[in-house]
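Q: coordinates only, sequence not included:
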């Protein structure tokens, strides 16, 4: 259980965590205060702030029992103000934006109003320091649209900037931030979507959509309701951009994925191709509402005999996939990407796959969320070191527990049923099974733990649980973060909807 006193900026009494180090050490992922211990960010994007419903908050739990921090737009040192429906914390990413050794937090608020442009969206980069997150001298960096603003262009209603974010460090050692804007109109094409690539410590910004030709030809073409940029996933070598609304011929919302490397041409990342079920080299067939690309997860991959890690494994969720007559059962497809971006499909996973636990049922939406890890990226990848968690929020054990949900954990190398595990409410996930808990709708990967958020269902069961990646089926979590315990306020609404 996480313990520590509540420390807040602008919410309750003020304070900062104890100084952790003289200077931030490098090499520890998600270390906001530089003490060499991993920290955790848990969002409640539906939380009420200063009486404003669904303004949203982010709770930071410092490792080693060094307290907690609550971030919102209420304090003076965070831009903006709490507004109804902002949903601050809807998306989160962690990286070292300024390369000072302390991790920084990117917070997406896709329903932020910019002037009179409702739900235009914004992203905050909140800097870590030896005094904790947002405790140093660096002001919060805000990314939003406007002719004289960091993202340029003009703020438009329903662009949803920050609906998805991903961040990290390239193989060349440069920080990057990806910001999805799936509601962006391209000319007169509504909801075509796009993404912003923020590169280096200078935070140079370029905008890419499916009609962009700078840096190369992007797969597909901008079309209404494509929603390019709805999902994002990245490794130091590659990244992928989901377009679950992509129409393939006359098949609407079949979905697709754009592939890129971090190689820049005039600031634009290099496109290397695209994925869709209309291609002969890809399993399945395009169907209305498949939503191929509605979830993405990506990890570094090293083949046997390779002396460096330049490849990636990409998992693509297809939650609307019909399996024969089983509607919306869902599936996941895994692809291997070479250093140049060439791809090959390595795995198809559904709940009818040999030796995989559970059975496919209508409305399971297997693959609605994904999280993946490579615990040893500098060694040959194996079934033990590369693991994939698959959210199945529509899973039900009986009519009494409809949409209870669950999480399937499988290897990314080898046969998926050879070492798969299953957890759900009452079977590994603490709490009593109940309807519409939607377990598997919130997943996050760390090198040591799979975090499963439980933001819905009975109030007493709402929490974030951390499981070892090789947990036995039905095994218990080793970490639990819960409202009202360990310094976390007890007034959560959708606590754990997003975790990093």
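A: That came through, no problem. Because the structure is predicted, anything quoted here is derived from the model rather than measured. Numbering: from 1, shown residues only.
Q: Quick check: pLDDT value at residue 13.
A: Note for residue 13: predicted pLDDT of 29.
Q: longest strand of this protein?
A: Counting by DSSP state E, the longest strand found in the chain is strand 256-265.
Q: in its sheet, what does that one sit against?
A: Its sheet considered, strand 256-265 pairs with strand 238-243 (antiparallel), strand 268-275 (antiparallel) by DSSP bridges.
Q: So what's the model's average confidence on it?
A: 97.
Q: Show me which positions of it end up buried.
A: Applying a neighbour-count criterion of 16 or more other C-beta atoms under 10 Å, one finds 256-264 buried in strand 256-265. Where C-beta positions appear, they are placed from N, C-alpha and C, glycine not excepted.
Q: sorry, back to before: return the most buried member of the strands paired with strand 256-265.
A: Between the strands paired with strand 256-265, strand 238-243 has the highest mean count of neighbours, a mean of 30, where neighbours are mean count of other C-beta atoms under 10 Å.
Q: what mean pLDDT would you report for it?
A: In this model, strand 238-243 has an average pLDDT of 98.
Q: That strand: how far from the chain's middle?
A: 12 Å (C-alpha atoms, centre = their mean, to the nearest Å).
Q: Just the element for residue 444, please.
A: Assigned by DSSP states H and E, residue 444 belongs to strand 443-445.
Q: immediately after that strand, which helix or strand?
A: Note on strand 443-445: by DSSP H and E, the next helix or strand toward the C-terminus is strand 449-454.
Q: Strand partners (parallel or antiparallel) of that next one?
A: Here strand 449-454 is paired, per DSSP bridges, with strand 443-445 (antiparallel), strand 463-468 (antiparallel).
Q: Now for the residue lying closest to residue 262 once chain neighbours are set aside: which residues touch it?
A: Using C-beta to C-beta, 6 or more residues apart in numbering and skipping residues adjacent in sequence, the residue nearest residue 262 is residue 170, 4.3 Å away. For residue 170, the contacting residues are 176, 236-237, 262, by C-beta atoms under 8 Å, 6 or more residues apart in numbering.
Q: mind running it again at 6 Å?
A: 176, 236, 262 (C-beta atoms under 6 Å, 6 or more residues apart in numbering).
Q: Of those residues, which is the nearest to residue 115?
A: Among these, residue 176 lies closest to residue 115 (C-beta to C-beta), at 28.3 Å.
Q: So which residues make contact with stretch 407-415?
A: Stretch 407-415 is contacted from outside by 313, 381-383, 386, 388-390, 416, 419-423, 440, 452, using C-beta under 6 Å, 6+ apart.
Q: gap between the two ends of that stretch?
A: The first and last residues of stretch 407-415 sit 18 Å apart, counting by C-alpha to C-alpha, to the nearest Å.
Q: Quick check: mean pLDDT of it?
A: For stretch 407-415, mean pLDDT is 97.
Q: So which bits of it are buried?
A: 407-413, 415.
Q: Those in strands, which ones?
A: Per DSSP E, the buried residues of stretch 407-415 map to strands at 407-411.
Q: For those, give me TSV that also has distance to residue 25.
A: Formatted as TSV, those follow (distance: C-beta to C-beta, whole Å):
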residue	distance to residue 25
407	33
408	36
409	31
410	34
411	32
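Q: from the buried residues of stretch 407-415, which is closest to residue 463?
A: Of the buried residues of stretch 407-415, the one sitting nearest to residue 463 (C-beta to C-beta) turns out to be residue 407, at 14.4 Å.
Q: Identify the residue nearest that closest one in space, chain neighbours excluded?
A: residue 440 (4.8 Å).
Q: now swap in residue 338 and tell me
A: Closest to residue 338 by C-beta to C-beta, 6+ apart is residue 311, at 5.6 Å.
Q: For residue 335, see how far away that neighbour is.
A: Shown here: residue 311 relative to residue 335, a distance of 11 Å by C-beta to C-beta, to the nearest Å.
Q: Next: residue 199.
A: 25 Å.
Q: Could you list the low-pLDDT ranges of the stretch 251-400 of the chain?
A: Low-confidence segments of the stretch 251-400 of the chain, defined by pLDDT under 70, are located at 398-399.
Q: where does residue 19 land on pLDDT?
A: If you check residue 19, the pLDDT there is 51.
Q: My error: substitute residue 147 in the last question.
A: 77.
Q: what's the distance between it and residue 155?
A: 9 Å.
Q: which one of those two has more residues nearby?
A: Taking neighbours as other C-beta atoms under 10 Å, residue 147 and residue 155 compare with residue 155 leading, 22 against 8.
Q: mind pulling up the phi and psi values for that one?
A: phi -60, psi 130 (degrees, to the nearest 10).
Q: now do residue 37
A: Residue torsions, per degrees, to the nearest 10, at residue 37 are phi -120, psi 140.
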